[in-house]
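Q: A predicted structure for the sequence below; I have some questions about it.
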Amino acid sequence: MTSFRIDSGTLIDRDDVRSFTFNGEKLAGFGGDTVASALLANGKQLVGRSFKYHRPRGILTAGAAEPNALLTIGRDGRRDPNTRATMAELFDGLEARSQNCWPNVNFDIGAMNGLLGPLLGAGFYYKTFMWPAAFWEKVYEPLIRKAAGLGRASYDPDPGYYEKCWAHCDVLVIGAGPAGLAAALTAGRAGARVIIADEGAQLGGGMLAEGGLIGDKAADAVLADIVGELHALPNVEIRKRTTVFGAYDDQVFAAVERVQKHLPEQAINPDRAMERLWRIVAGHVILATGAEERPIVFGGNDRPGVMTAGAMRTYLNAFGVAPGKRVALFANNNQAYQTAIDLEARGIEVAAIIDPRSCPDIDFNGKARLIAGAMVRDTAGRRAIKAVTVRHDDGRDEVIAVDALAVSGGYSPIVHLACHRGAKPVWSDEYAGFMPPEQCDGMVPAGAVAGCEGVVACFDAGAKAVLPVLDGLGFGAEPVRLAGVEGVTASAPNTMAIWSVPSSKGKAFVDYQNDVTAGDINLAMREGYDHVELAKRYTTNGMATDQGKTSNVNAIGILAQNKGVTPGDIGTTTFRPFYTPVSFGALVGASKGFEFQPVRKSPLHGWAARNGAKFVETGLWYRSSWFPKDGETFWRDSVDREVLNVRENVGICDVSTLGKIEIFGADAAEFLNRVYCNAFLKLPVGKARYGIMLREDGFVYDDGTTSCLAENHYFMTTTTALAAGVLTHLEFCAQVLWPDLDVRLASATDQWAQMAVAGPKARDVLAQIIDDDISNEAFPFLAAREVSMFGGRLRGRLFRISFSGELAYEIAVPAGFGESVADAIMVAGEAFGIAPYGTEALGVMRIEKGHVTHAEINGTVTPADLGMGRMVSAKKDDFIGRVMNLREGLVDPMRPALVGVKPKSPSDKFATGSHILKIGDAVSLANDQGYVTSMCYSPSLGHAIGLALVKGGPERYGEEVVIWNGLAGASITGVICNPAFVDPENEKLHA
Amino acid sequence: MSSLVKCPHCGLRPREEFTIRGEVATPRPHAGADEGTWFDHVYLRDNPRGQHREYWHHSGGCRRWLVLDRNTVTHETGDVVDASTLKTEGQA
Amino acid sequence: MRDFLLNNVSPFPAKADANGHAAVHIAPIATGFVTHVLGKGNAKADAAHLTKLISDIAPELGATLRSPSPGQWFWVGDCDVSQGRFAEISGQIPGEYAISDQTHGRVRIMISGPQVRDVLAKGAMIDLADGVFVVGASAMTQIGHIGAMITRTDDDCFEIMVLRSFAVSLWHELHQMAAEFNGPHAG
Ligand SMILES: [Zn+2]
């Protein structure tokens, strides 16, 4: 006989029939079922195969610790592998599949691994596949990968939306069993801000498994009253289906809420998160996580039909599923007897209670035969249990026919969250379990996690545990009480620890999911891996997706037993987040695809788009890279035209993304003088100056221009790349290094739309929209001041600076007016042949002019390396980088320095990154002379040109060298030259 | 997931709002200080197990530089003060 | 001089006001000014002093101040200020305060509705609860990866100030965050 549905179940709704498939077979369950309860109700006890030996496996638990019943649920992008059937709620149309089995779960070829057992023992990864070495890649690894592995992730993108949220509360209650509910209700009534989170679909925890009365009322009615009152309290936030999976520094707790994972596809709201990642900032925490029932390690303890006693009780009372018709209980504690009582109350025969305690101190009045001092040493049955072999205390074996076996090896408090920040749990002989650490990082454990037993005692403990917390918060509170319950007597479970049954026959599993047996742990010990952390890694015990929830304490117990010490002496392995697996979707949240990172758009974005710009991502910015015209099919067609048009006529380019910083204060000039390596103290009002900033180690940090707009008011531009970095650097200088200076910094990058207007006809164009005189005399090179525009309708800031090497201006206007001004410039420039140009053309022109960017300012160059050594002030007492810039290694004349390179034969090409070698030298690091930092095709010159950092630098103008490209296997002959390919005398700039 | 820092100006904020520069180095030396003093200032950093004084920039908030006492073992943060209250230049 | 058209273009999408009936209402604040006021580092500059000062100099603009940082304020208001008027005010402010017009650099969004805190909690860490973040309170913080200043302007109404270049991204994100309350599937 298999498991079957009976006429009970407080959680299921029999009017809500839900159909689903399991390995393609159509089945039905009810609303309120988990996939596990629905499978059991359909008699499906065999649900998967084990990882290593492919043994048939059934459902062991009714909760988050499930090691066996891992299914793949859903399809396509919504496919979730390794889903615990015990946690997955049944919805209509759900598709579930077994894992680890081929061709099917009933007949699995991999089960032959069982025959290879001796090869697959502890440390088999380290032993079996070691030799010969060449076999690893070709034979062993592919074989292991094919045979092993849990469920497979989908290759399709998950169509669901995920998000991350923050929450705040005075009291976070983790777990909504009796202790958590009582704590939440006590705190809620007192007026505290409460969040109560529980991983289950319904609040109740252990209360959900109660079939009988609490006081004089049915357990489910008592629960309904409590939950109803909590819902009615506006200061209590209830989070069902929410696992608090990690405790982090500063009282931040992370939780994942499965918002819509329990819904059929057609019911999913696409605008709502599938899962929500919560970061909860909690003033105080009540840890009411309960306790995990341990299985017992005995021969054949993994046979489908073997289940923890508490799980069996949950299926019976909450889900209306009987495990079989004739059940045995193998338990070493009193609490588990309740399962036998409840089974008998539902009319299910309990064939025997096998209790290893010789004289269990228990008042059991049921019909079941109690076999004291005995243990189960073996089970029989192929795909489901048919019998157990009991070893009596006199050494005699007895075979008892059963169709299900409830097992209880004691209780392990769920202390994980209390230990995530490093605290260690404390072993208790009395409870035969690891209890929460004495210092719980501000958490107050309450209920079963603190050793309480039974609904009434846990409820009472939860209500009382929160009182000191509320008192500390200034809330007067009364502990809530269960109606009709007189007095609370605490009882201990009287657990007699048995870590493994000595007479076990066959494989006795400790870790079901990773197929680790008692024998494996013994072997690891014999081979010297007896430290708990080593034993874990050598045997892989506790390293599966369940993180050893049902196995770790048993493994520790076996180690302790064999060494003749207590489990407390062995200690636990380290508890780390996450408590249960968290989907990547939840961790990623909304940051995927287009939302992966924010986009920054220039105020001229719309103008550029209207002019046909192709955009390129530079950091977060979208910058216009070129503006193709009809007939241009290749980017270079556009870029070459744009360059030549600037050199011959005039062009307009969006430079709004440059960093802009307003600098105010009586000491602003002194401040600039200290952050730039060149002199700034005497920059007059109305003038711009090119400046180089060094790092304190003497290397170049960034370059840009700073203009003096008025006394004590400067306007700095930085490169786009380092806009944020430079502001942060300046803030450090102003706040930390020189807090006595009166200097104030305001980021103004976004306030201004800034355009470069460059080319011999630039002045003619701008004169049409600027009211002021901008003749060469009135507005010479490096002039910078506010100007009136459009007949006084707008004021802008005009700078006569040039990156292209042409006569050029940059005009900045309030961002909102940017598009109109750019449009006006286009109209004004039409007669002069104006055309927009993008960052590619800008890049070409700056290489033609020999101007550097961060391709050259790479963190290893000095101003001298860039040919700007004379800018470094020798007069200034101090500036950032002054001392270190004079270090021996930084003034070595043979340092690589900036030069131009060009091919000897104009038709030859070369690539950025190519290395420079002397002609005739072998290719070697020792012979390396430097490398090409930037290159482009120069439409002005008609051949490739480049900038390079080459040993000796300008001393070598005219020298023929090899430009070697190791990646492409190509090298050409090049010539070192002046990096200013165009207008080396700067005549255009000053025109 | 996160941790929280108590900015003296903004209150409790998540770590993501901050940029960490590293240990509070020796005060910035005078320009005339010897090379060893400068090397210590620019390059020498401790890597202690335990209390560590660090510069944190509240880049996602008030944009002030803070000095934070952090325990590298427990991550506990003690005093957080505005860095301008410490005189860090010219003491060498 | 030709008669060029000068439009002040909003960084927000053209149909930015379309969700007037939504549960969570999101709207750009199209008019007004934002001025960054920077007090002298170690001066006794305080908000009360500054309030009096600007009330005297420009009484027509109101004196709403929001501080992103000690000694710094955003002076904001809902009426438009010409560049000329701003220059006048600049000239009248004493040297212990520097002012930088940020009207174009920092743009404002109004977001309101009963679930507004649930929406903002998807991006901002700070506690916006009624008794904690009172009407008039403001905080410079982050919404997701985007820096923003959040100000509570009424019971269930907040104003978000963001750098102009991030406006489209934040606009999109706020709508995504509010979609479960606003979308066709809401309810
Ligand atoms: Zn701050």
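A: Great, that's in hand. This is a predicted model, so every value here is computed, not measured.
Q: and chain C, what are its domains?
A: Using automatic domain parsing, the domains assigned to chain C come out as C:25-30+C:105-181, C:33-101.
Q: and those domains, which one is worst for confidence?
A: Mean pLDDT per stretch puts domain C:33-101 lowest among the domains of chain C, at a mean of 92.
Q: From the centroid of chain A, which residue is nearest?
A: Nearest residue to the geometric centre of chain A (CA atoms, centre = their mean): residue A:587, 4.7 Å.
Q: residues touching that residue, list them.
A: residue A:277 (CB atoms under 8 Å, 6 or more residues apart in numbering or on different chains). (Each C-beta comes from the backbone N, C-alpha and C, glycine too.)
Q: Mind telling me what element the spatially most central residue of chain C is part of?
A: Compute the mean C-alpha point of chain C, and by CA atoms, centre = their mean the closest residue is residue C:161, 3.4 Å away. Counting by DSSP states H and E, the element that carries residue C:161 is strand C:157-163.
Q: So that strand, near chain A or not?
A: Yes - judged by CB under 8 Å from any CB of the partner chain, strand C:157-163 and chain A are in contact via residue C:163.
Q: ok, residues contacting that strand?
A: A:749-750, C:29, C:34, C:66, C:74, C:76, C:105-112, C:116, C:120, C:128, C:143, C:146-153, C:170, C:174.
Q: Skipping adjacent residues, who's closest to residue C:36 in space?
A: The shortest distance from residue C:36 to any non-neighbouring residue, by CB to CB, 6 or more residues apart in numbering or on different chains, is to residue C:100 (4.4 Å).
Q: and if you look at residue A:465?
A: residue A:446 (3.6 Å).
Q: Specify the angle between the strand ranked longest in chain C and strand C:157-163 in degrees.
A: Counting residues, the longest strand found in chain C (DSSP state E) is strand C:146-154. Interaxial angle, strand C:146-154 versus strand C:157-163 (axes from the mean of the first three to the mean of the last three CA atoms, to 10 degrees): 150 degrees.
Q: picking up where we left off before, neighbours of the residue nearest to residue A:465, just the number please.
A: A count of neighbours around residue A:446, defined by other CB atoms under 10 Å in any protein chain shown, yields 30.
Q: swap in residue A:894?
A: 9.
Q: From residue A:865, how far out is it?
A: Using CB to CB, to the nearest Å, residue A:894 is found at 11 Å from residue A:865.
Q: Residue most distant from the centroid, chain B?
A: Max radial position in chain B (CA atoms, centre = their mean) goes to residue B:32, at 25.0 Å.
Q: Following the chain past the lowest-mean-pLDDT helix or strand in chain A, name the next helix or strand.
A: None of the helices or strands of chain A scores lower by mean pLDDT, DSSP states H and E than helix A:141-147, at a mean of 60. Using DSSP H and E, the helix or strand that follows helix A:141-147 in sequence is strand A:161-174.
Q: just the helices in the stretch 351-500 of chain A please.
A: A:416-419, A:455-465, A:467-473 (DSSP state H, counting those that start in this stretch).
Q: and if you look at chain C?
A: For chain C, the helices defined by DSSP state H cover C:47-57, C:83-92, C:116-120, C:167-182.
Q: Let's have those helices in a markdown table, adding mean neighbour count and distance to residue A:767.
A: Output for the helices of chain C, formatted as a markdown table (neighbours: other CB atoms under 10 Å in any protein chain shown; distance: least, CB to CB, whole Å):
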| stretch | mean neighbour count | distance to residue A:767 |
| --- | --- | --- |
| helix C:47-57 | 15 | 36 |
| helix C:83-92 | 14 | 21 |
| helix C:116-120 | 21 | 50 |
| helix C:167-182 | 21 | 33 |
